[in-house]
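Undergrad: Return atomic coordinates for the entry below.
(one chain, ligands or ions: 1)
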Amino acid sequence: MTKLIAIDDGHGSETPGKRSDVIPELGRQVKENEFNKEFAKYLEIELKRCGFRTIQLAPTDYDTPLRARTDLANRAKADLLINGHFNAITGKFATSKAEGFSAHVHSKTGQAAKFANIALKNLSGGTPQKNRGLVQQNLHMTRESHMPAVLFEFGFMDNLREARLMLNVAFQKECAQEVAKAVCEYYGVSYVPESKPVAKYAPKPVHSAAAPKREESVQILTGGLNADSVKIIAEFFIAKKWWGQLQFEAPGNPRMLSGGLDPKMKTEYEAWLNERN
Ligand SMILES: [Zn+2]
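TA: So this is what the prediction gives:
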């Protein structure tokens, strides 16, 4: 029997408090669920492609009670439960200095911790975000579920740089992919990567006057460069602790996709580039 993976998106879209601070270029807060539900959606796609069965514990936008979520996972006899969240401490960019992702488990020994550690390893290999590690915490979702359960926090809503990543599709997918790879590794199954036409990565104009406001979060794409050039750019991003994703889908055509940069970061990047040329 193929394993059944329960996926939980954490909150309803209108759950009070679960929001970022106001992101300047968006002129609004981002709801935690705007990230969580996209993560849950992409994780389901990833896991199904790898041959797993999935169940969404709170597929509606309503704030499903936690008890209902764990009851459903227990009734369905899910083999593993994955929660996707975005963290916050003070809720204000000005006062919170936290950053990074973490995996929360009810006990630091046992199967949940084993899976969580694989996922943390994959996440830190795939993203320059800080790895905050494994956290033992008494949470309803990880305590009341009868199967191994892990709650991931993928970043901080009150860290401006990370809050910008919440609406970044490449980042949402990256989180889902690394967790899906961990599920595969945990069960000894081969990960099946997404096959995409290369054209999907064509750069989009980001500064057209007609573009919606969220496009002001600048994206940089390095198509058509050789591997050494992409490596140099990637190293610059790593040094800056900016987010980027290396992509090798097209043989001989490596590229790096980055998003969540603000216009000032883009100016800095271009100045660095000019200096090298
Ligand atoms: Zn949350």
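Undergrad: Which residue does the chain have closest to the ion?
TA: For the chain, the residue positioned closest to the ion under CB to the ion is His85, at a distance of 3.5 Å. For every residue, glycine as well, the C-beta is placed using N, CA and C.
Undergrad: in the chain, which residue is closest to the centre?
TA: Cys175 (3.2 Å; CA atoms, centre = their mean).
Undergrad: hang on, it in a helix?
TA: Yes. Judged by DSSP: H, G, I helix; E, B strand; the rest coil, Cys175 forms part of a helix.
Undergrad: Now it: closest residue in space that isn't a chain neighbour?
TA: Phe154 (5.0 Å; CB to CB, 6 or more residues apart in numbering).
Undergrad: still on that earlier bit, got a list of what the residue nearest to the centre of the chain touches?
TA: The contact partners of Cys175, by CB atoms under 8 Å, 6 or more residues apart in numbering, come to 39, 42, 84, 101, 123, 127, 152, 154.
Undergrad: go on, Pro148?
TA: Contact partners of Pro148, counting by CB under 8 Å, 6+ apart, are 79-81, 110-112, 114-115.
Undergrad: and the stretch 51-200 of the chain, which of its residues are near the ion?
TA: Within reach of the ion by CB under 5 Å from the ion, the stretch 51-200 of the chain has these residues: His85.
Undergrad: hey, where'd the strands end up in the stretch 51-200 of the chain?
TA: Along the stretch 51-200 of the chain, the stretches classed as strands by DSSP state E, counting those that start in this stretch are 53-56, 80-87, 101-105, 131-136, 149-156.
Undergrad: As CSV, these with mean neighbour count and mean pLDDT would be great.
TA: Converted to CSV, those look like this (neighbours: other CB atoms under 10 Å; pLDDT from 0 to 100):
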stretch, mean neighbour count, mean pLDDT
strand 53-56, 17, 98
strand 80-87, 26, 97
strand 101-105, 24, 98
strand 131-136, 15, 97
strand 149-156, 26, 97
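Undergrad: Can I get these in TSV including distance to Lys31?
TA: Converted to TSV, the strands of the stretch 51-200 of the chain look like this (distance: least, CB to CB, whole Å):
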stretch	distance to Lys31
strand 53-56	18
strand 80-87	10
strand 101-105	19
strand 131-136	22
strand 149-156	14
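Undergrad: Relative to Leu26, which of those is closest?
TA: strand 80-87 (15.2 Å; CB to CB).
Undergrad: Tell me which other helices or strands the closest one touches.
TA: Under the contact definition 3 or more CB pairs under 8 Å, 6 or more residues apart in numbering; DSSP states H and E, strand 80-87 sits against strand 4-8, helix 32-49, helix 140-143, strand 149-156, helix 169-187.
Undergrad: let's see it at 6 Å
TA: strand 4-8, helix 32-49, strand 149-156 (3 or more CB pairs under 6 Å, 6 or more residues apart in numbering; DSSP states H and E).
Undergrad: got the domain boundaries for this protein?
TA: Domains of the chain are assigned by automatic domain parsing as 4-187, 198-276.
Undergrad: Endpoint to endpoint, stretch 70-83 covers what distance?
TA: 11 Å (CA to CA, to the nearest Å).
Undergrad: What's the local residue count around the nearest residue to Gly17 once chain neighbours are set aside?
TA: Leaving out its chain neighbours, the residue that sits closest to Gly17 by CB to CB, 6+ apart is Gly91, at 7.7 Å. Using other CB atoms under 10 Å, Gly91 has 16 neighbouring residues.
Undergrad: Apart from its chain neighbours, what residue comes closest to Ala112?
TA: That would be Pro148: by CB to CB, 6+ apart, it lies 3.8 Å from Ala112.
Undergrad: same question, Glu144
TA: Closest residue to Glu144 apart from its sequence neighbours, by CB to CB, 6+ apart: Thr70 at 4.2 Å.
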